[in-house]
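Novice: I would like the atomic coordinates for the input below:
(2 chains)
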Amino acid sequence: GEDVEQSLFLSVREGDSSVINCTYTDSSSTYLYWYKQEPGAGLQLLTYIFSNMDMKQDQRLTVLLNKKDKHLSLRIADTQTGDSAIYFCAESMTNAGKSTFGDGTTLTVKP
Amino acid sequence: GAVVSQHPSWVICKSGTSVKIECRSLDFQATTMFWYRQFPKQSLMLMATSNEGSKATYEQGVEKDKFLINHASLTLSTLTVTSAHPEDSSFYICSARGTSGSMYTQYFGPGTRLTVL
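Specialist: This next block holds a predicted model:
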């Protein structure tokens, strides 16, 4: 079945860039998502990318997709303390179906 | 933007009782809602897909008689944990499928913290 993997922890200093990595196994994955979860809250969709795209930028967020290696990354520029949260990578074969989530990367931003 | 609410946000109950959690899409209609369970410091585990007007589709290993799902309208799905036990204590999150531009996406509720004593 589908599998999505992420590193569990990342710590950066305020103002630095953060790069969160994700790998997936299903070559049929068509839609790839990044979600943010703050403590005690649900998930917030940050951004998504179609599998026919290599890159997508949205303000401080840059998503890079290497479809050959099945590798997805999320770069947060000028990381702020408010960016501290758990970031989940997810994939879906269709945009109407269920998604498979990674285990989440806990980002800690130190002042 | 699309908003999904859950009620209650937290609940404490005695072992053996049943607990109902509501998931509502507030400003859009959702024919499909998803129920997840999240353990501390772990990822989301999809429990079931809830379809309006039909039976829910449960993931492997999830007891459908224990976790009853009802999707009676386009804006409401409920999850009832029957005869709850301490091992059912968890964070339950629902999501509703909506559209973002031309794309379907999941909008998540804030979650419900269930503690079974």
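Novice: Taking chain B, what residue is nearest to chain A?
Specialist: B:F108 (3.8 Å; Cβ to the nearest Cβ). No exception for glycine: its C-beta is placed from N, CA and C like everyone else's.
Novice: Can you name the residues bridging to B:E22?
Specialist: B:E22 has these beta-bridge partners by DSSP bridges: B:H7, B:T78.
Novice: What count of nearby residues applies to it?
Specialist: 16 (other Cβ atoms under 10 Å in any protein chain shown).
Novice: before we move on, what about B:K55?
Specialist: B:K55 has 12 nearby residues by other Cβ under 10 Å.
Novice: what distance separates the helix or strand bottoming out on mean pLDDT in chain B from the centre of its chain?
Specialist: Least confident helix or strand, chain B: strand B:103-108 with a mean of 79, by mean pLDDT, DSSP states H and E. Strand B:103-108 has its C-alpha centroid displaced from the chain centroid by 15 Å (Cα atoms, centre = their mean, to the nearest Å).
Novice: looking at it, the residue of chain B closest to chain A is touching A:Q44, isn't it?
Specialist: Yes. Assessed by Cβ atoms under 8 Å, B:F108 is found in contact with A:Q44 at 7.1 Å.
Novice: circling back: give the pairing partners of the least confident helix or strand of chain B; include direction for each.
Specialist: Strand B:103-108 has these strand partners (DSSP bridges): strand B:90-100 (antiparallel).
Novice: Please point out which parts of the partner strand sit buried.
Specialist: B:S90, B:F91, B:Y92, B:I93, B:C94, B:S95, B:A96, B:R97, B:G98 (16 or more other Cβ atoms under 10 Å in any protein chain shown).
Novice: which other residues reach it?
Specialist: The contact list for strand B:90-100, computed with Cβ atoms under 8 Å, 6 or more residues apart in numbering or on different chains, reads A:42-43, A:45, A:48, A:96, B:2, B:4, B:6, B:21, B:23, B:25, B:28, B:30-40, B:44, B:77, B:79, B:104-109, B:111-114.
Novice: Buried ones from those, can you make that a ChimeraX selection?
Specialist: In ChimeraX, a selection of the buried entries from the contacts of strand B:90-100 looks like this (16+ other Cβ under 10 Å):
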select /A:42,43,45,48 /B:2,4,6,21,23,25,28,30,32,33,34,35,36,37,38,44,77,79,104,105,106,107,108,109,111,112,114
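Novice: how about the residues of chain A near chain B?
Specialist: Residues of chain A lying near chain B by Cβ under 8 Å from any Cβ of the partner chain: A:31, A:33, A:35, A:40-45, A:48, A:88, A:95-96, A:98-99, A:101-104, A:106.
Novice: hmm, try it at 7 Å
Specialist: Chain A comes close to chain B at residues A:41-43, A:45, A:48, A:88, A:95-96, A:98-99, A:101-104, as judged by Cβ under 7 Å from any Cβ of the partner chain.
Novice: re earlier: format the buried residues of strand B:90-100 as CSV; extra columns: pLDDT.
Specialist: Converted to CSV, those look like this (pLDDT from 0 to 100):
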residue, pLDDT
B:S90, 94
B:F91, 94
B:Y92, 96
B:I93, 94
B:C94, 94
B:S95, 92
B:A96, 91
B:R97, 85
B:G98, 75
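Novice: Now the two most distant members of the residues you listed.
Specialist: Greatest spacing in the buried residues of strand B:90-100, by Cβ to Cβ: B:S90 and B:G98 (24.9 Å).
Novice: what does the model give B:S100 for pLDDT?
Specialist: B:S100 carries a pLDDT value of 66.
Novice: Count the neighbours of the residue nearest to A:G82 when sequence neighbours are not counted for me.
Specialist: Nearest residue to A:G82, sequence neighbours excluded (Cβ to Cβ, 6 or more residues apart in numbering or on different chains): A:V109, at 8.0 Å. The criterion is other Cβ under 10 Å. On that basis, A:V109 has 20 neighbouring residues.
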